[in-house]
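Novice: return a 3D structure for these sequence lines:
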Amino acid sequence: MLMNQISPFAVFIMGILLVQQTSAWIYGFRVCFVESEGSSQCQGDRNSCSGWSSRPRWTSLFRDDTDDRSGGCNYKWRIQGHQPRKFFEYRLCFQETEGSSQCQGTRASCTGWTSSPSWTKPFRDDTDGRSGGCQYSWKIEQRPSSVVDSDPVCRICFRETEGSSQCQGSRRTCSGWSDTNSHSAAWTAPFRDDTDGRSGGCHYQWYLDCIPHYMKPYCDSQNPCS
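Specialist: I've put the predicted structure just below:
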């Protein structure tokens, strides 16, 4: 009955106010992940983005269950930006939540903040024919900082450091910057996980690289610039 008494104009104004309020909450950066091979060993959500750093939320869970079956998982990451603000700094966090013995090393860690950047702690993927797999997700967090006095651009860097033949493709790569317009250039180069019963595994680390935009020409595509 009450809704019938509200004019269409009032509903329109309420909608605008709601959009404006929501827009004020959403700013900063988010991380996106995609798995592009599509093997049955690559399970869960193969394409998802985290919440924005102003309202952090993990990406949807992706499950790695690679083993001796044919196929593997191709991974790529990127960073998206939306109205990033001065006087904030950022960090990237990773977690593995299944807890199988095949998921080794540090299962939950974050990079350093923008003012003191660092890699996440090493995580080791050793999935094989045993029961269980590894469930991955990522997010970006922010906090106020008087040190960061310019609007930053950010990108994600990835490295694999064990060097097993089961760890294929680009073992050291950085994505395009968060202000990159080209969809293909925005992602890291593909890394392929083909872990199985053979000896060895893959050691993964991530790095959130945030810099003033004028520094971009001095950065390469494989190593953090900050």
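
Novice: only C-alpha atoms for contact and neighbour calcs from this point on.
Specialist: Fine.

Novice: hang on, residue 185 in a strand?
Specialist: No. Under DSSP: H, G, I helix; E, B strand; the rest coil, residue 185 falls outside any strand and is assigned helix.

Novice: backbone dihedrals for the residue lying closest to it once chain neighbours are set aside, please?
Specialist: Distances taken as C-alpha to C-alpha, 6 or more residues apart in numbering place residue 176 nearest to residue 185, at 5.7 Å, with adjacent residues excluded. Dihedral pair for residue 176: phi -70, psi 170, per degrees, to the nearest 10.

Novice: find me the pLDDT at residue 176, would you?
Specialist: Residue 176 is assigned a pLDDT of 96 by the prediction.

Novice: let's verify residue 214: helix, strand, or coil?
Specialist: helix.

Novice: which stretches of this protein aren't confidently modelled?
Specialist: Applying pLDDT under 70 to the chain flags residues 1-24.

Novice: which stretches in it count as helices?
Specialist: 8-25, 183-186 (DSSP state H).

Novice: doesn't residue 101 make contact with residue 125?
Specialist: No. Counting by C-alpha atoms under 8 Å, residue 101 is not a contact partner of residue 125; they are 9.7 Å apart.

Novice: between these two, who's got more neighbours?
Specialist: Applying other C-alpha atoms under 10 Å to residue 125 and residue 101 shows that residue 125 carries more neighbours, namely 25 against 15.

Novice: distance of the more buried one relative to residue 179?
Specialist: 31 Å (C-alpha to C-alpha, to the nearest Å).

Novice: find the nearest non-adjacent residue to the spatially most central residue of the chain, please.
Specialist: Geometric centre of the chain, nearest residue: residue 31, 3.6 Å, by C-alpha atoms, centre = their mean. Excluding the flanking residues, the one nearest residue 31 by C-alpha to C-alpha, 6+ apart is residue 79, at 4.7 Å.

Novice: quick one: contacts for that neighbour?
Specialist: Residues counted as contacts of residue 79 (C-alpha atoms under 8 Å, 6 or more residues apart in numbering) are 29-32, 154-156, 175-178, 186.
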